[in-house]
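Visitor: just coords:
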């Protein structure tokens, strides 16, 4: 066990690609969604990056390694996860470039003075809660429930926070459920953010899409590119070659 801000929580120490990560044994743990989102960010360089709803920090930490000249802010509402993220920053020796902010994204969306124009971000990423409160089975474990269902954050509020944080022409990357794609596009356009790239994620080549990766540009022009599908598994059940590369970095 390691000491967290509010209570001692049993954790595991895991490794993925080139980072190590403390995770709560019984609370929220990262899934393949986080790795897919990380891999979808394909810009040649990045200055300032914000990870919204960062959890224990996996996406932001991976991006900090991917972009060694970047400054990364991990923004997380839940105190236990924010404290784990701080420990993971130290664990990966990234204290000089990665910071953790324990903050409600709803406050960011409604705050006209934060951040200042010069402090806005080039890239914002998010692996948000996918489900509305009354859809699907809600976990009895609060940390997981908040991470997976829109209990503390609606999609429109997430988009509002990303708009507030991004500089003009900055890019917002996120992963979501395909069934909510039209809702996402409408929410982004309400904030003058245009979807520029989509990639649908399938279990295998024979299945329908289970997730969608989206890249939007603040103050961007209309026009969307759809990348080739990403299949997690081969037909025989093993990981696809691309998925192996995403996991292992080989």
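Guide: Happy to help now that I have it. All values derive from a computational prediction rather than experimental measurement.
Visitor: Does residue 86 touch residue 100 like I think?
Guide: Yes - the pair residue 86 / residue 100 is scored as a contact, 4.8 Å apart, by C-beta atoms under 8 Å. C-beta coordinates here come from the backbone N, C-alpha and C atoms, glycine included.
Visitor: would you list every one of the strands in this structure?
Guide: Assigned by DSSP state E, the strands in the chain fall at 2-3, 8-9, 11-16, 19-24, 48-52, 71-76, 98-102, 121-126, 166-176, 193-202, 209-218, 225-226, 230-231.
Visitor: Could you dump those into a markdown table with mean neighbour count and mean pLDDT added?
Guide: What follows is those, written out as a markdown table (neighbours: other C-beta atoms under 10 Å; pLDDT from 0 to 100):
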| stretch | mean neighbour count | mean pLDDT |
| --- | --- | --- |
| strand 2-3 | 11 | 43 |
| strand 8-9 | 15 | 59 |
| strand 11-16 | 13 | 92 |
| strand 19-24 | 19 | 93 |
| strand 48-52 | 26 | 97 |
| strand 71-76 | 24 | 96 |
| strand 98-102 | 19 | 96 |
| strand 121-126 | 24 | 97 |
| strand 166-176 | 21 | 97 |
| strand 193-202 | 19 | 98 |
| strand 209-218 | 20 | 97 |
| strand 225-226 | 10 | 98 |
| strand 230-231 | 20 | 97 |
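Visitor: count of neighbours near residue 235?
Guide: 10 (other C-beta atoms under 10 Å).
Visitor: Please shift the residue numbers so they start at 37 in all later answers.
Guide: In the new count, where the first residue is 37, that last one comes out as residue 271.
Visitor: quick one: pLDDT of residue 114?
Guide: Predicted confidence (pLDDT) for residue 114: 88.
Visitor: what does residue 169 give?
Guide: Confidence for residue 169, expressed as pLDDT, is 56.
Visitor: Ok, the one 4 residues further on next?
Guide: Per-residue confidence at residue 173 stands at 47 (pLDDT).
Visitor: repeat for the one 4 residues further on
Guide: Per-residue confidence (pLDDT) for residue 177: 51.
Visitor: Scan this protein for its longest helix.
Guide: Ranked by residue count and defined by DSSP state H, the top helix of the chain is helix 115-127.
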